[in-house]
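[1] fold the following for me, if possible:
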Amino acid sequence: MDYWTNLVVVVLDPALVDYVFTVVYKSFEDCAAGLVAVSDTLGYDHRLYCEATTVASGSVTPRPRPW
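    Residues are numbered from 1 along each chain as shown. Now for the predicted structure:
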């Protein structure tokens with residue numbers, strides 16, 4: 001099962017002290033793939049990491065009953 005994952009961006013620029021924002025991804029694998037793409041677009045010093053949540057992003061679909 002996949003869980004929503006936050007890509008956390010911490011800005012390390014002294015002009016933007018304590019500025020943190022997140023980008024939500026549907027799975028940890030998607031977040032890991034997004035690390036490079038997001039990092040390439042930021043023009044300032046930053047730190048990135050993926051943080052999984054406990055909220056499922058999808059559920060198993062039950063099989064229909066045979067009538």
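
[2] find the helix or strand that Cys50 is a member of.
    strand 46-56 (DSSP states H and E).

[3] typo on my end, Ala32
    Assessed by DSSP H and E, Ala32 sits inside helix 28-41.

[4] for that helix, packing partners?
    strand 3-11, strand 20-25, strand 46-56 (3 or more CB pairs under 8 Å, 6 or more residues apart in numbering; DSSP states H and E). C-beta: built from backbone N, CA, C; applies to glycine.

[5] please work out which of those strands is packed deepest.
    strand 3-11 (a mean of 17; mean count of other CB atoms under 10 Å).

[6] what's it in contact with?
    19-28, 30-31, 34-35, 38, 42, 44-57 (CB atoms under 8 Å, 6 or more residues apart in numbering).

[7] at 10 Å instead, please
    For strand 3-11, the external contacting residues (CB atoms under 10 Å, 6 or more residues apart in numbering) are 17-32, 34-35, 37-39, 42, 44-58.

[8] just to revisit the earlier point, got the contact list for the helix holding Ala32?
    2-9, 23-25, 27, 46-53, 57.
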